[in-house]
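A.B. asks: need coordinates for the following:
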Amino acid sequence: MLTKRNVIPDATRSTATELRVQRLLTSEPVLISNCRILTLIDHPSREINQQLRAALQSSQQPVLKFDEGDLRLTPIDFASLLSRRLTNALTGVSRAAVSRLVIAYSPRWAGECRLPADAQRIRIAHRQIRDLLRIVYDQETADQVQIIYGGFVFEEELADVLCDSNVDGVLINK
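C.D. replies: All right, here's what the predicted structure looks like:
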């Protein structure tokens with residue numbers, strides 16, 4: 001059964017772990033093993049880029065955790081922050097390598113402050129992430145990257161979140 005709080009493990013350092021992702025309401029959660037979580041807001045872009053490239057060359061599953069901070073940003077401010085941080089993190093990463101990537105949109109305000117993000121906000125953020133990947137790479141590559149939500153979401157909004165084509169899953173507690 002899904003919990004009301006769906007949060008990615010809080011990893012300020014890159015770590016190996018497992019994540020449970022709910023992809024459809026009617027199916028069992030999927031386990032993503034041997035993850036290396038890299039938090040985009042906590043480290044300089046150069047450091048994240050080096051760690052990401054190392055994870056992509058290893059057997060680990062790289063997960064880029066994108067956090068917009070403590071405040072809910074407007075869609076324009078979110079897109080600006082996303083563009084800077086994600087493009088810097090992906091510098092020099094090939095199309096083939098980036099297609100292995102999982103991006104977790106996990107806003108701190110939705111976890112620590114326990115403020116729910118509504119389904120529309122989640123869909124907009126995921127679309128912006130997918131659009132940026134399309135611009136930096138191409139549509140095929142952007143479609144191959146898994147983009148999952150790791151913040152607080154109410155159960156009654158989960159169906160709306162999971163039905164969006166840009167949301168590949170929601171992280172859930174064990």
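A.B. asks: pLDDT of the strand ranked longest in the chain, averaged?
C.D. replies: Secondary structure of the chain per DSSP state E: the longest strand is strand 30-39. Strand 30-39 shows a mean pLDDT of 80.
A.B. asks: list the buried residues of it.
C.D. replies: For strand 30-39, the neighbour count (16 or more other Cβ atoms under 10 Å) marks Ile32, Cys35, Arg36, Ile37, Leu38, Thr39 as buried. All C-beta atoms are positioned from the backbone trio N, CA, C, and that covers glycine.
A.B. asks: ok, so of the residues you listed, who is nearest Asp168?
C.D. replies: Ranked by distance to Asp168 (Cβ to Cβ), the buried residues of strand 30-39 are led by Ile32 at 10.9 Å.
A.B. asks: residues in contact with Ser83?
C.D. replies: Residues counted as contacts of Ser83 (Cβ atoms under 8 Å, 6 or more residues apart in numbering) are Leu132.
A.B. asks: would you map the strands across this structure?
C.D. replies: Assigned by DSSP E, the chain shows strands spanning 16-22, 30-39, 61-66, 102-105, 146-149, 169-172.
A.B. asks: just checking, Tyr137 touches Val98?
C.D. replies: Yes: the pair Tyr137 / Val98 is scored as a contact, 6.2 Å apart, by Cβ atoms under 8 Å.
A.B. asks: separation between the residue nearest the centre of the chain and Leu38?
C.D. replies: In the chain, the C-alpha nearest the mean C-alpha coordinate belongs to Ala104, at 1.2 Å (Cα atoms, centre = their mean). From Ala104 over to Leu38 the distance is 10 Å, taken as Cβ to Cβ, to the nearest Å.
A.B. asks: list residues touching both of the two?
C.D. replies: Joint contacts of Ala104 and Leu38 (Cβ under 8 Å, 6+ apart) are Val63, Leu64, Lys65.
A.B. asks: can you count the residues close to the first one?
C.D. replies: Residues within reach of Val63, counting by other Cβ atoms under 10 Å, total 29.
A.B. asks: ok, now how distant is Leu86 from Leu162?
C.D. replies: Relative to Leu162, Leu86 is positioned 23 Å away (Cβ to Cβ).
A.B. asks: by mean pLDDT, point me to the weakest helix or strand of the chain.
C.D. replies: helix 108-111 (a mean of 72; mean pLDDT, DSSP states H and E).
A.B. asks: all set, thanks.
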